[in-house]
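**Q** quick one, fold the following:
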Amino acid sequence: MLGGTFDPVHLGHLRSAVELLEALVLDRVHMVPAAMPPLRGEPRVSAAERLALLSLGIGDTPGLVADPRELERDGPSYSADTLASLRREQGREARLVMALGHDAFLRLADWHEPERLFELAHVVVIDRPDHDATLPAALRELLVGREVEDGEALMAHPAGRLLRLRLPSRMAISATEVRRRLAAGLSVRYLLPEAVEARILSRGLYRHG
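**A** Purely as a prediction, here's the structure:
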């Protein structure tokens with residue numbers, strides 16, 4: 001599971017999903033747009049539109065799935081609830097992985113029911129080069145005894161471990177910068193899949209600040 005606001009989805013999101021799939025030899029990556037992200041501001045466009053853009057961006061890419069389950073649920077988009085839903089579908093022995101970026105990882109102890117995340121799945125942090133920064137005390141406590149060194153050790157268990165993973169590309173594309181460029185009428189070519197760019201421009205999305 002790779003969650004996010006995907007506001008809008010860009011090539012960095014999609015390339016990370018493909019590289020995650022390959023690095024951990026996963027069956028598939030569910031890309032799950034958040035309806036109401038608890039720790040972030042309100043997304044700029046509707047949840048349905050963000051899902052449509054994500055589906056367009058994925059296109060026919062093998063192993064990537066645009067998963068609408070958080071948009072079909074009322075209330076805040078808690079990852080623990082999403083993982084519980086996936087766990088019910090996949091069964092107790094399936095290896096479930098929740099991938100997240102380094103910035104989100106640093107706030108993990110503040111998430112809703114952080115211990116429950118590890119009961120339901122593994123956590124994989126898509127690392128940045130400066131990942132050696134000191135972790136907050138509450139996060140260090142949450143991670144005691146959980147960290148493993150490689151994907152093989154991770155997949156030896158259905159859930160409960162943490163892996164820091166360096167992906168090959170680490171494309172430095174930010175949705176904030178994409179929105180800024182769209183609002184200013186600047187080019188976003190080669191930052192987004194062409195189909196996503198075309199829909200955004202044809203519908204005038206993100207045109208205002």
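**Q** contacting residues around the helix or strand in which Glu22 is found?
**A** If you go by DSSP states H and E, Glu22 is part of helix 11-23. The contact list for helix 11-23, computed with CB atoms under 8 Å, 6 or more residues apart in numbering, reads 2, 4, 6, 26, 28-29, 31, 57-58, 61, 63-64, 99, 124, 126, 151, 165, 167-169, 171-174, 190-193. C-beta coordinates here come from the backbone N, C-alpha and C atoms, glycine included.
**Q** can you flag which of those belong to helices?
**A** 57-58, 151 (DSSP state H).
**Q** strands along this protein, start to end?
**A** According to DSSP state E, the chain carries its strands in the segments 2-4, 29-33, 64-66, 97-101, 122-126, 147-148, 162-165.
**Q** so which of the ones you listed is the most packed in?
**A** Mean neighbours per residue, mean count of other CB atoms under 10 Å, is largest over these for strand 29-33, with a mean of 25.
**Q** one step back: now the strands of the chain in a markdown table, with distance to Pro114 and mean pLDDT?
**A** Output for those, formatted as a markdown table (distance: least, CB to CB, whole Å; pLDDT from 0 to 100):
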| stretch | distance to Pro114 | mean pLDDT |
| --- | --- | --- |
| strand 2-4 | 14 | 91 |
| strand 29-33 | 18 | 96 |
| strand 64-66 | 25 | 98 |
| strand 97-101 | 11 | 94 |
| strand 122-126 | 9 | 95 |
| strand 147-148 | 15 | 97 |
| strand 162-165 | 12 | 96 |
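**Q** just send the ones you listed back as a markdown table, with distance to His13 too.
**A** Shown next, in a markdown table, are the strands of the chain (distance: least, CB to CB, whole Å):
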| stretch | distance to His13 |
| --- | --- |
| strand 2-4 | 7 |
| strand 29-33 | 7 |
| strand 64-66 | 10 |
| strand 97-101 | 10 |
| strand 122-126 | 11 |
| strand 147-148 | 25 |
| strand 162-165 | 16 |
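**Q** and the closest residue to Leu64 other than its chain neighbours, how far is that from Leu11?
**A** Of all residues not flanking Leu64 in the chain, Ile58 sits nearest, at 4.6 Å (CB to CB, 6 or more residues apart in numbering). In this view, Ile58 and Leu11 are 12 Å apart by CB to CB, to the nearest Å.
**Q** show me which of those two is the more surrounded one.
**A** Ile58 (23 against 17; other CB atoms under 10 Å).
**Q** just checking, that one touches Asp67?
**A** No. Counting by CB atoms under 8 Å, Ile58 sits too far from Asp67 to count as a contact (10.4 Å).
**Q** which residues do these two both contact?
**A** Common contacts of Ile58 and Asp67 (CB under 8 Å, 6+ apart): Met31.
**Q** quick one, what contacts the residue nearest to Leu64?
**A** Ile58 touches 14, 31, 64-66, counting by CB under 8 Å, 6+ apart.
**Q** identify the farthest-apart pair in those residues.
**A** Spatial extent of the contacts of Ile58 (CB to CB) is set by the pair Leu14 and Val65 at 12.3 Å.
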